[in-house]
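Visitor: model this:
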Amino acid sequence: MFEFKWLEDFMSLIELGNFSAAAKSRYVTQSAFSRRIQALELWVGVPLFDRSSYPIGLTEHGNKFVPYAENLLNQIKVTKEDFSLASLKTDNTVRIVCLHSFAINLLPNLLAQFNNQLSHLNISINPSVQGIDNHFQTLLDDSSDLLFTYNMIGMRPSISLENKLEKHILFKEKIIPVISPDLLKNHEDNTPWPLLSYSEHTFLYKVVNQLTKSISVPFSQVFETTLSESLIEMAINGIGVAWVPMHAVEKELIKGTLVTAFTEYSDWTIQLDVVCYHSKANSRPAVLQFLEEIHSLKN
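Guide: Predicted structure coming up:
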């Protein structure tokens, strides 16, 4: 699927002449930037850059592609300005990008606490954007107003981007081990606990894996996924023990379909700060009011 940001990547690489500088200017890692350039070349069907030269140069096909890229970017800019610039000043929509589990549980629970304070706002939540670099990019290109995420290594903006964003620390989230009552009761002593794990490329995998590798209790991984919701369903069905966000299992803990595992080890509960980012350039009244209410709830 073609993405217009590839065209901006293309023009940035032409201007700066090397992948490292271009990636920095686009606020993404060099590996992510390189993948996006490769995706553009795959979509066009021909190599656009001669990677054997320094600074990197265009191929014959790349030179022919430049006017097309410039024309498309100009049309996109004009279209966006025509349809959004005036309306955003009075628009009551607050656009939020976030993790999938945040959209299902955390944000609905958080918004419910506002009662009628935000009833005149239209809250739009988008959990479909993949990759934290892309999350931050939506704030810069004004396709999102706010980003909700965890304050942890790998989920923070680059140093070059920090001065463009404002961070609000909201509250602490617990990542707790949960298990079905039957599995807890029937698990045999001196045998490994079946572990339901996040996939290796997810952010929660890093913090959970670091913990499970450091404790003395043996685990045997039996399942992995990118989604907390899948881990929770597997845990409910007695397949294993999983570390999941507290906000995602509150109902299950109340109903008793899940219980907290390893209650004798309080330090096996992981605590992470939930934070909200927004662009300093975004001063829309609806966004500022939303942030004001968030702060009042925190205090």
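
Visitor: helices of the stretch 1-150 of the chain, start to end?
Guide: All helices of the stretch 1-150 of the chain, identified by DSSP state H, counting those that start in this stretch, fall at 5-16, 19-25, 30-44, 60-88, 100-101, 107-112, 132-140.

Visitor: and Ser84, what pLDDT?
Guide: As predicted, Ser84 sits at a pLDDT of 55.

Visitor: same check, this time on Pro285
Guide: For Pro285, the model assigns a pLDDT of 88.

Visitor: burial check on it, number of neighbours?
Guide: For Pro285, the number of neighbouring residues by other C-beta atoms under 10 Å comes to 11. All C-beta spots, glycine's among them, are computed from the backbone N, C-alpha and C.

Visitor: just say which of the helices of the stretch 1-150 of the chain is most tucked in.
Guide: Comparing the helices of the stretch 1-150 of the chain by mean neighbour count (mean count of other C-beta atoms under 10 Å), helix 132-140 comes out on top with a mean of 20.

Visitor: okay, now the unreliable bits of the stretch 51-200 of the chain?
Guide: For the stretch 51-200 of the chain, the stretches flagged by pLDDT under 70 are 79-90, 115.

Visitor: doesn't Ala242 belong to a helix?
Guide: No: secondary structure assignment places Ala242 outside any helix; it is strand (DSSP: H, G, I helix; E, B strand; the rest coil).

Visitor: that one contacts Ser230, doesn't it?
Guide: No: the pair Ala242 / Ser230 is not scored as a contact, 9.3 Å apart, by C-beta atoms under 8 Å.

Visitor: which one of the two has more residues nearby?
Guide: Each of Ala242 and Ser230 had its neighbours counted (other C-beta under 10 Å), and the higher figure belongs to Ala242 (29 against 15).

Visitor: Ser175 and Lys185, how far apart?
Guide: For residue 175 the amino acid is Ile, not Ser. Separation of Ile175 from Lys185 (C-beta to C-beta, to the nearest Å): 24 Å.

Visitor: cool, Glu15 as well?
Guide: Distance from Glu15 to Lys185, counting by C-beta to C-beta: 64 Å.

Visitor: which strand is the longest one in this structure?
Guide: strand 165-179 (DSSP state E).

Visitor: so how far is that strand off the chain centroid?
Guide: Here the centre of strand 165-179 is set off from its chain's centre by 13 Å, with C-alpha atoms, centre = their mean, to the nearest Å.

Visitor: what residues does whichever helix or strand comes after that strand touch?
Guide: The helix or strand immediately downstream of strand 165-179 is helix 181-186, counting by DSSP states H and E. Residues from elsewhere that reach helix 181-186 (C-beta atoms under 8 Å, 6 or more residues apart in numbering): Pro194, Gly238, Ile239, Gly240, Val241, Gly256, Leu258, Val259, Ala261.

Visitor: burial count for the last one?
Guide: Translated: Ala261. When neighbours are counted by other C-beta under 10 Å, Ala261 registers 22.

Visitor: show me what contacts it?
Guide: In this structure, Ala261 makes contact with Pro177, Val178, Ile179, Leu184, Val241, judged by C-beta under 8 Å, 6+ apart.
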